[in-house]
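Trainee: Structure for the following, please:
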Amino acid sequence: MSHQKRTSSTRRAPLARKGTTFISCQSPGPHRKAESMPLNVVVRDILSLVETGREVKKSLNAGLILVNGVAIKDHKFPIGFLDELTFTISKDKFIVVYNTLGKLELKKQEKDYPKAMKVIGKKTLPKGKTQVNLHTGKNILLDKTKEFKVGDSIIVEKNKVVKHMKFEKGAKVFLTSGKHVGHNGIIEEIKKNESWSQPKKILVKTKEGIFETSRECAYVVDGEL
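Mentor: This is a model prediction of the structure:
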């Protein structure tokens, strides 16, 4: 499907519900459709850097727009949480975060920010290898991964883990969903469940106070977003 009705597009996109009837539909990629926006919509409709989709395509074909440091040619490439957009002519950089309304927002970056990738799964492979699955759709193979747990975050450079941030008391987190979405905080306590069927809860301290939220809402980061 190349297009979709504006009214059926993701609620995460900061787009007016009224306007042109159709907008582009994301290509398959590292982010789920409900949690991402097409690249051309980001450049044309949100950042307002061009006026037409044709201009977006010309810029992409000329390598003027980078996503996470890579020149992307697909104008429907899905853009989601923690993606970094770089415009080579102006040198402007933007990182995608959630605002307090739960909408995806492009925040201008004054300096490079190491991308923390959340561990969402692990799989043991033959010959002592373990595959670590990350929220970006990226997978890496490691020899020793007992210390890496689901919920932790890692920073990867050239397929090597250069930093490991555990999901533990004192960890810095950014809330990606729930009532307090868009807030930075620190884990104060990881609560123990009385039953396996109960959702896992944590206490998070933010500038607004301390509150309880689901563990799934917290994303461990290297600093404030």
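Trainee: can you map out the helices along the protein?
Mentor: Assigned by DSSP state H, the chain shows helices spanning 39-41, 53-61.
Trainee: What mean pLDDT does the shortest one get?
Mentor: The predicted model assigns helix 39-41 a mean pLDDT of 92.
Trainee: Ranking the helices of the chain by mean neighbour count, which comes first?
Mentor: Comparing these by mean neighbour count (mean count of other CB atoms under 10 Å), helix 39-41 comes out on top with a mean of 24. Yep, even glycine has a C-beta here, placed from its N, CA and C like the rest.
Trainee: counting contacts, what elements does that helix pack onto?
Mentor: Secondary-structure packing of helix 39-41 (3 or more CB pairs under 8 Å, 6 or more residues apart in numbering; DSSP states H and E): strand 22-24, helix 53-61.
Trainee: Grab the nearest non-local neighbour of the residue nearest in space to the middle of the chain.
Mentor: With distances taken as CA atoms, centre = their mean, Phe81 lies nearest the centre of the chain, 2.1 Å away. Nearest residue to Phe81, sequence neighbours excluded (CB to CB, 6 or more residues apart in numbering): Val96, at 5.8 Å.
Trainee: What of Ala116?
Mentor: What sits nearest to Ala116 in space, not counting adjacent residues and going by CB to CB, 6+ apart, is Ser153, at 4.1 Å.
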